[in-house]
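*Asks:* here is my input; please provide its structure:
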Amino acid sequence: MSDKIYLGSAKKKGKNWYNGTINMDKIEPHIKEFKGHRIVKVDINIFEEPDQYGKSLKITLDTWKPEEQKQTPPDPEYYTPEGGDVDDTFVVEDNSIPF
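*Replies:* Okay, the predicted model is just below:
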């Protein structure tokens with residue numbers, strides 16, 4: 001996991017209301033396209049107590065990416081005619097043609 005990219009913060013103004021700012025210069029390089037819209041995934045952390053500047057909330061870029069799983073090709077001695085998952089249903093015992 002990479003370091004968090006700090007985007008902004010907010011102060012609590014009411015029970016369910018926060019007022020804050022986001023640094024657009026930091027967001028721009030991380031904008032992605034999704035169904036015709038420009039989006040940025042963020043993490044929002046709410047503090048138990050405000051920090052030294054009175055901020056109650058921190059916004060960071062969501063940098064999580066799933067680990068790439070290396071796929072190995074199926075063992076050639078297994079055969080699945082419908083293109084399904086490889087299993088023990090069709091085990092080729094002999095590579096010669098039976099006729």
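
*Asks:* where do the helices of the chain begin and end?
*Replies:* 24-27 (DSSP state H).

*Asks:* top strand in it by residue count?
*Replies:* strand 6-14 (DSSP state E).

*Asks:* can you tell me the average pLDDT over it?
*Replies:* What strand 6-14 shows for mean pLDDT is 91.

*Asks:* before we move on, what about stretch 58-74?
*Replies:* The model assigns stretch 58-74 a mean pLDDT of 81.

*Asks:* buried stuff in that stretch?
*Replies:* By neighbour count on 16 or more other C-beta atoms under 10 Å, the buried set for stretch 58-74 is 58-61. Placement of C-beta: from N, CA and C, glycine included.

*Asks:* contacts for stretch 57-67 next, please.
*Replies:* Applying C-beta atoms under 8 Å, 6 or more residues apart in numbering, the set of residues contacting stretch 57-67 from outside is 1-12, 18, 20, 22, 26-27, 30, 40-47.

*Asks:* and the closest residue in space to residue 4 that isn't next to it in sequence, how far from residue 31?
*Replies:* Nearest non-adjacent residue to residue 4, counting by C-beta to C-beta, 6 or more residues apart in numbering: residue 60, 4.3 Å away. Going from residue 60 to residue 31 by C-beta to C-beta, to the nearest Å gives 16 Å.
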